[in-house]
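Asks: can you look at this prediction? I've put the sequence above it.
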Amino acid sequence: MSEPILLHPSDDVVILTEKREGIAAGHKIARHGVAEGAPIRKFGQIIGYASAPIAAGEHVHSHNCNIGAHDRRYEAGADLASARAAVSPRPAAEFLGYRRPDGRVGTRNYVALCATVNCSATVIRRAAEELRTSGVLGSYPNIDGVFVLAHGTGCGMASEGPGWDNLQRVLWGYATHPNVGAAVFVGLGCEVMQLARMKAAFDGPGVGQQRFHGLTIQETGGTRATIAAIRERVEALLPEVNDISRSPCSASDLCVALQCGGSDGYSGITANPALGVASDLIAAQGGTVILAETPEIYGAEQLLIRRAASPEVADKLLERMRWWEDYTAMHGGSMDNNPSPGNKAGGLTTILEKSLGAAAKGGSGPLSEVVRYAEAPSAHGLIFMDTPGYDPVSVTGQVAGGAQIVVFTTGRGSAFGSKPAPTIKLATNERLFAAMSDDMDINCGDILGGGVSVAEKGEEIFAEVLAVASGKTSRSEALGLGDHEILPWQIGAVMWSAGAIRTSA
């Protein structure tokens, strides 16, 4: 029988690597007796408090461990020197990417069909399907395809405020993404999210007429006429979009989204810290990694604040944490509504425990910047983006912010994919990698018993990022995933067009 894993000398628990006396692998048992009300530590940090006396060797989980106060000693920049050392320069790495006229680099070359409102979602989906089945794309080898950005909003919403801002940043971020060669916006015509207003807000260098095209169903003559017009417009664009080829590009041009979903008790031990090593390698190249999911760093924010590049960066992260505490309370929830039932079945007990493992994806480097949902970073290195913890909503923001690759860790399993930025999925354990081999790109379970170190796995992940950035097909791409996972973050009231509140979102 293999020995349980001890992560830190001060921990009160160890993690089982195989089932023992009815307790599943990935779950925790007590190293020693824990008194009722005493803190319980994992990763050297408090993950909860004993709600009943716990004996040595006893299962530690939701029945005897509850959330409580976590470390809020916010010492901004206290670990900045060591964080900078973690991303010291390395020999330059390259990948084969698509260099755009504005200097940005794509890892894919798509045509985007973007709905400004849910009313045009079906139209763009049908147009994309007809283009795919017509065979016309087969004549353009440098084009990866046509993808659709369809969503459930765009009208019945306030014409300003955070919900409006989120949606227009998502729409514009996808349409002008470095992985997109041209985009066609399609609206109904009378919606709140008007094309002209969005273009006025965002148009700038590198956008130009060759990338921005728009039409509305009302002006074009209805559903069937609009589908035909979209097809005609796209077919006219294809030769120009195809007129690009891959060339050597510096790894400093990479922007990678860090994501996790269906986490388990191994996530914070294998895949997440290994991805953290890869994140540091990307940052050391001068590239960018985007950590997100604000509710899923709750309880670990103090570790990021200690690595903040400036007091302003630390303050912005704290402001977002307070906003989320108020937001969840306003809706009758709490920050510990997360973990999910699946997370708990996999061994995670409280949000504090989950967050400490999730934050490991960001590596050990300085926290360079905190950005709004779907906002493009202005700095390089580790960036934090304010997003919900729901994977499709969070990734939508990261991709809109410019991420050309998504790396997604999972322990329970995930069928997630994304466009136009391909997703690379990392399995936290051997069982999952074998069970969902069509979905998983890399097995991180060999860190537990296969003699592979976290550092070695991080190098493997970094090499895979470069390969996929150069055109290697990820598992999710091979399965055709990504068109239906785009989901902008909706904040605010959903209203009738006349302005009466219909329901709160």
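Replies: Arrived safely. Residues are numbered from 1 along each chain as shown.
Asks: from now on I want contacts and neighbour counts done on CA atoms only, so please keep to that.
Replies: OK.
Asks: list the buried residues in stretch 320-337.
Replies: Neighbour-count burial for stretch 320-337, counted by 16 or more other CA atoms under 10 Å, picks out 320, 321, 324, 335, 336.
Asks: if you drop the residues flanking it in sequence, what lies closest to residue 128?
Replies: residue 146 (6.2 Å; CA to CA, 6 or more residues apart in numbering).
Asks: so where's this protein shaky on pLDDT?
Replies: 1, 203-211, 337-338, 495-505 (pLDDT under 70).
Asks: one more time with 80
Replies: For the chain, applying pLDDT under 80 flags the ranges 1, 71, 198-212, 334-339, 493-505.
Asks: please parse it into its domains.
Replies: Using automatic domain parsing, the domains assigned to the chain come out as 13-66, 110-243, 249-478.
Asks: just the CA coordinates for stretch 138-150, please, in PDB.
Replies: Extracted as PDB, the C-alpha positions of stretch 138-150 are listed here (Å, rounded to 0.1, in the frame of the first residue of the first chain):
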ATOM      1  CA  GLY A 138     -11.000  23.200 -48.500                       C
ATOM      2  CA  SER A 139      -9.400  25.500 -51.100                       C
ATOM      3  CA  TYR A 140      -7.800  27.600 -48.400                       C
ATOM      4  CA  PRO A 141      -5.200  25.600 -46.400                       C
ATOM      5  CA  ASN A 142      -4.100  28.500 -44.200                       C
ATOM      6  CA  ILE A 143      -7.600  29.000 -42.700                       C
ATOM      7  CA  ASP A 144      -8.600  26.900 -39.700                       C
ATOM      8  CA  GLY A 145     -12.300  27.400 -40.300                       C
ATOM      9  CA  VAL A 146     -15.300  29.500 -39.400                       C
ATOM     10  CA  PHE A 147     -16.400  29.800 -35.800                       C
ATOM     11  CA  VAL A 148     -19.400  31.500 -34.300                       C
ATOM     12  CA  LEU A 149     -19.700  33.800 -31.300                       C
ATOM     13  CA  ALA A 150     -23.400  33.300 -30.300                       C
END
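Asks: centre of the chain to it, how far?
Replies: 23 Å (CA atoms, centre = their mean, to the nearest Å).
Asks: show residues contacting that stretch.
Replies: 108-115, 117-118, 120-121, 124-125, 128, 131-132, 137, 171, 174, 238-239, 241-245, 419-420, 483-484, 486 (CA atoms under 8 Å, 6 or more residues apart in numbering).
Asks: if we use 6 Å, what do you get?
Replies: 109, 110, 111, 112, 113, 114, 115, 121, 242, 483 (CA atoms under 6 Å, 6 or more residues apart in numbering).
Asks: what is the neighbour count of the second one?
Replies: It refers to residue 110. 26 (other CA atoms under 10 Å).
Asks: if we can go back for a sec, part of a helix, is the residue nearest to residue 128?
Replies: No - counting by DSSP: H, G, I helix; E, B strand; the rest coil, one finds residue 146 to be strand, located in no helix.
Asks: dig out what it forms beta bridges with.
Replies: residue 111 (DSSP bridges).
Asks: against residue 181, how distant is the closest residue to residue 264 other than its chain neighbours?
Replies: Leaving aside its sequence neighbours, residue 264 sits nearest to residue 346 (CA to CA, 6+ apart; 4.3 Å). Here residue 346 is placed at a distance of 41 Å from residue 181 (CA to CA, to the nearest Å).
Asks: who's more crowded, those two?
Replies: Neighbour comparison, residue 346 and residue 181: the larger count goes to residue 181, with 27 against 21 (by other CA under 10 Å).
Asks: list the buried ones in stretch 12-22?
Replies: Neighbour counts over stretch 12-22 (16+ other CA under 10 Å) mark 12, 13, 14, 15, 16, 17 as buried.
Asks: so what does the third one have for phi and psi?
Replies: Comment: the main-chain dihedrals of residue 14 come out as phi -120, psi 160, following degrees, to the nearest 10.
Asks: hang on, isn't it packed against residue 5?
Replies: Yes - counting by CA atoms under 6 Å, residue 14 does reach residue 5; the two are 5.3 Å apart.
Asks: work out for me the element residue 272 sits within.
Replies: In this assignment (DSSP states H and E), residue 272 forms part of helix 271-284.
Asks: next one: residue 332
Replies: Counting by DSSP H and E, residue 332 is part of no helix or strand.
Asks: residue 326 versus that one, what's the distance?
Replies: 10 Å.
Asks: coming back round to it: deepest of the domains of the chain, which one?
Replies: Highest mean neighbour count of these: domain 249-478, a mean of 23 (counted as mean count of other CA atoms under 10 Å).
Asks: from the opening residue of that one to its closing one, how far?
Replies: End-to-end distance (CA to CA), domain 249-478: 24 Å.
Asks: equivalent analysis for stretch 190-200, please.
Replies: First residue to last in stretch 190-200 (CA to CA) measures 18 Å.
Asks: and the gap between residue 341 and residue 292?
Replies: For residue 341 relative to residue 292 (CA to CA), the value is 21 Å.
Asks: cool, and residue 451?
Replies: 31 Å.
Asks: what segments of the stretch 301-450 of the chain are helices?
Replies: 301-305, 311-330, 341-345, 351-358, 391-400, 430-435, 446-449 (DSSP state H, counting those that start in this stretch).
Asks: output the ones you listed as JSON lines; include the columns distance to residue 53.
Replies: Output for those, formatted as JSON lines (distance: least, CA to CA, whole Å):
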{"stretch": "helix 301-305", "distance to residue 53": "29"}
{"stretch": "helix 311-330", "distance to residue 53": "30"}
{"stretch": "helix 341-345", "distance to residue 53": "21"}
{"stretch": "helix 351-358", "distance to residue 53": "20"}
{"stretch": "helix 391-400", "distance to residue 53": "36"}
{"stretch": "helix 430-435", "distance to residue 53": "33"}
{"stretch": "helix 446-449", "distance to residue 53": "30"}
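Asks: closest one to residue 69 among the ones you listed?
Replies: helix 351-358 (9.4 Å; CA to CA).
Asks: other residues contacting the closest one?
Replies: 47, 268, 296, 297, 298, 299, 300, 336, 338, 339.
Asks: return the subset of the residues you listed lying in strands.
Replies: Under the assignment DSSP state E, these contribute residue 47 to strands.
Asks: farthest pair within the contacts of helix 351-358?
Replies: Most distant of the contacts of helix 351-358, by CA to CA, are 268 and 336, 17.8 Å apart.
Asks: what's the span of stretch 6-21 from first residue to last?
Replies: Stretch 6-21 end-to-end distance (CA to CA) = 19 Å.
Asks: can you list contacts of it?
Replies: 4-5, 25-31, 40-44.
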